[in-house]
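J.: Sequence and predicted structure are below.
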Amino acid sequence: MRARLSPLVLAVLALGCAAETAPPPPPPATAADAQLQARDERRPEQPFTIDVGGHPVQLGGSWEYTDERRKNFDLDDARARDRRVREHEVKVEARSRLDPRTELFLQLVGLHETRRTQGTPGRLVSHSLERGPMWVQFERLGGTPWLLQIGRVPLIERRAWWWDEDLDGVRVRYDGRGWSLDTGLLREAARQSSSERRTAADAHGVTRWFGQATWPWEQRHSLAGFWLLQRDGSGQPAPGTVFADEDDTDPRDLDGGWIGARASGEWRGDGPVRRLAYAADLAWLSGREHVTGFDDGADGRPVAGATRSRRLRGHAFDAAATATFDWPLRPSLTAAYARGSEGFRQTGLQENKMRFGGVKRWQRYGELVQPELANLEVISLGAGIRIAENSSLELLVHRLRQVRAAATQSGSRLSADPQGTSRALGTEVDLLLAIRESRRLEFTLKGSTFRPGSAFAPGRRASARSLEIGMTLNF
């Protein structure tokens, strides 16, 4: 695979250089631009453009490399299970205006990962080709502000607290003078990755109706309503059913709905506080969850056990405010609080990323643990500076506690589970550097430490650490 990657990287560099001398592109496709901005991705202002059948086609993409060292994620110093993970991600995309009101966008994603784990001989290598967003868009239907998008559509909102995912479906948008609406139906139609034999088990048979209505009630301030209804028609396996491997199992099916609201905006002034930004989300969940247990059979393959059903009712709240000061290095201070009740689950489409005071989005609840906001309370404090016009250094501290002591924590990247006797999960400290002076080349450095609390067993309270360097080339 290494031999295959080298020509690909050279092609990326060559395409980036060629774009420097490309002729001025046609007017940018606003939908694709907005989606890139929402995901904190950037492309050159003058992308490489070719002519296909009389239509200008913009070609672009990115190559991203990360190298992460994970230390003591099992919180046990007595075992040497440190891990190094190196990832390459190449995105290649094309977009074109077929006519003044019709836009086409296609993206393919190539992934390559190498893992080395202490105590395990050799290395684990995986690679795949995935479908990115692929859609056709019809604008100003019948001369109205309505828009129709069909295909693999990007479901994105800026805080990624509700959703940040690409899914097969159809959506409509309305952008009026006083408000906007984004809604549609989603259901996976085919496998996403070449590494999958079929549609992923947790996505098979799941139909979703999503919506976001936004009202900008004042300049730089808005209110938004969100909803998501989900029906999982995959069904539960009969006890004793044998599966080929763990990827074919689907232990949780959820039928239910989320509804919520967001207030966000910013104030700008001429005093010491140059900018005060805020955002607050509130969500309720009501539904039923079906949980199936799995055991290892005699041949090592998963065997389905009994399925239990339970009613889910819960709520969650997440609020953050950042003050940026008009002083040298433009320092910023952030305070944030989030709480998800015991019966709450996030949508499963979330990324939980937000921009604190710097130039890049980071994980809202910690870069190392990355938990889901379910049965969890998080208090966060942060400080940052701008070391250059578009580069920042930030320090974030997150204190994590369970709402009710439990023996699991949803979404956590730690390989150790709490005991269920204490709510105190621990404290994470993140030091985050982002250098984005060029639209073509970016660098990131993330250093994190998690100090576990009394929720973990006495022998599982050693600190976990991670260090990740990253580079992105946009072309």
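T.: Yep, it's here.

J.: Residue 424 touches residue 461, doesn't it?
T.: No - taking Cβ atoms under 8 Å as the definition, residue 424 is not a contact partner of residue 461, at 10.6 Å. In short, each C-beta sits where N, CA and C put it, glycine included.

J.: which residues do those two both contact?
T.: Counting by Cβ atoms under 8 Å, 6 or more residues apart in numbering, the residues touching both residue 424 and residue 461 are 453-454.

J.: Counting neighbours, which bits of the one helix or strand residue 211 maps to end up buried?
T.: Taking DSSP states H and E as the criterion, residue 211 maps to strand 206-218. When burial is assessed from 16 or more other Cβ atoms under 10 Å, strand 206-218 yields the following buried residues: 206, 208, 210, 212-214.

J.: Quick one: residues in contact with that strand.
T.: 155, 157, 162-163, 167, 169, 178-188, 222-234, 265.

J.: make it 6 Å
T.: Here strand 206-218 makes contact (Cβ atoms under 6 Å, 6 or more residues apart in numbering) with 179-183, 185-187, 222-232.

J.: Repeat that for stretch 310-323.
T.: Taking Cβ under 6 Å, 6+ apart as the rule, stretch 310-323 contacts 273, 276-289, 332-341, 343-344, 356-357, 373.

J.: likewise stretch 180-200?
T.: Against stretch 180-200 from outside (Cβ under 6 Å, 6+ apart): 128-131, 167-171, 173-174, 203, 207-209, 211-214.

J.: Recalculate using a threshold of 8 Å.
T.: Counting by Cβ under 8 Å, 6+ apart, 111, 126-131, 149, 153, 155, 166-174, 203-204, 206-214, 247 sit against stretch 180-200.

J.: Tell me where the stretch 51-200 of the chain has strands.
T.: Taking DSSP state E, counting those that start in this stretch to define them, one finds strands in the stretch 51-200 of the chain at 55-71, 83-99, 102-117, 124-138, 146-156, 164-175, 180-186.

J.: if you compare those, which one is most tucked away?
T.: strand 146-156 (a mean of 20; mean count of other Cβ atoms under 10 Å).

J.: Tell me the strands beside that strand, with direction?
T.: strand 124-138 (antiparallel), strand 164-175 (antiparallel) (DSSP bridges).

J.: distance of residue 202 from residue 431?
T.: Distance of residue 202 to residue 431, computed by Cβ to Cβ, to the nearest Å: 34 Å.

J.: Actually, residue 73.
T.: 18 Å.

J.: okay, these two: which has more neighbours?
T.: residue 73 (20 against 15; other Cβ atoms under 10 Å).

J.: among the strands of the stretch 51-200 of the chain, which is nearest residue 379?
T.: Residue 379 lies closest, by Cβ to Cβ, to one member of the strands of the stretch 51-200 of the chain: strand 164-175, at 23.6 Å.

J.: Using PDB, list the CA coordinates for the closest one.
T.: In PDB, the C-alpha atoms belonging to strand 164-175 read as follows (Å, rounded to 0.1, in the frame of the first residue of the first chain):
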ATOM      1  CA  ASP A 164     -22.400  16.200  11.000                       C
ATOM      2  CA  GLU A 165     -22.800  13.200   8.600                       C
ATOM      3  CA  ASP A 166     -23.200  12.300   4.900                       C
ATOM      4  CA  LEU A 167     -26.300  10.200   4.300                       C
ATOM      5  CA  ASP A 168     -28.400   9.000   1.300                       C
ATOM      6  CA  GLY A 169     -31.600  10.900   0.900                       C
ATOM      7  CA  VAL A 170     -33.500  13.900  -0.400                       C
ATOM      8  CA  ARG A 171     -33.700  17.300   1.200                       C
ATOM      9  CA  VAL A 172     -35.400  20.700   0.600                       C
ATOM     10  CA  ARG A 173     -34.300  24.100   1.700                       C
ATOM     11  CA  TYR A 174     -36.100  27.400   1.900                       C
ATOM     12  CA  ASP A 175     -34.000  30.600   2.300                       C
END
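
J.: Could you figure out how far it is turned away from strand 206-218?
T.: Relative orientation of strand 164-175 and strand 206-218, computed by axes from the mean of the first three to the mean of the last three Cα atoms, to 10 degrees: 50 degrees.

J.: Give me the average confidence score over strand 164-175.
T.: Throughout strand 164-175, pLDDT has a mean value of 97.

J.: Next, the residues that contact it from outside, please.
T.: Contact with strand 164-175 is made by 38-39, 131-133, 145-157, 180-190, 192, 208, 349-351, 353, as judged by Cβ under 8 Å, 6+ apart.

J.: returning to what we had before: out of the strands of the stretch 51-200 of the chain, which is closest to residue 394?
T.: Going by Cβ to Cβ, the one of the strands of the stretch 51-200 of the chain nearest residue 394 is strand 55-71, 18.1 Å.

J.: what are the pairing partners of the closest one, and which direction each?
T.: strand 48-52 (antiparallel), strand 83-99 (antiparallel), strand 464-474 (antiparallel).

J.: Tell me the buried residues in the first one?
T.: Counting neighbours by 16+ other Cβ under 10 Å, one finds that the buried residues in strand 48-52 are 48-49.

J.: same thing with stretch 440-460?
T.: Buried residues in stretch 440-460 (16+ other Cβ under 10 Å): 440, 442, 444, 446-450, 452-456, 460.

J.: same thing with stretch 335-349?
T.: 336, 338-341, 343-349.

J.: which among those residues gets closest to residue 408?
T.: Nearest to residue 408 among the buried residues of stretch 335-349, with distances taken as Cβ to Cβ, is residue 345, at 12.5 Å.
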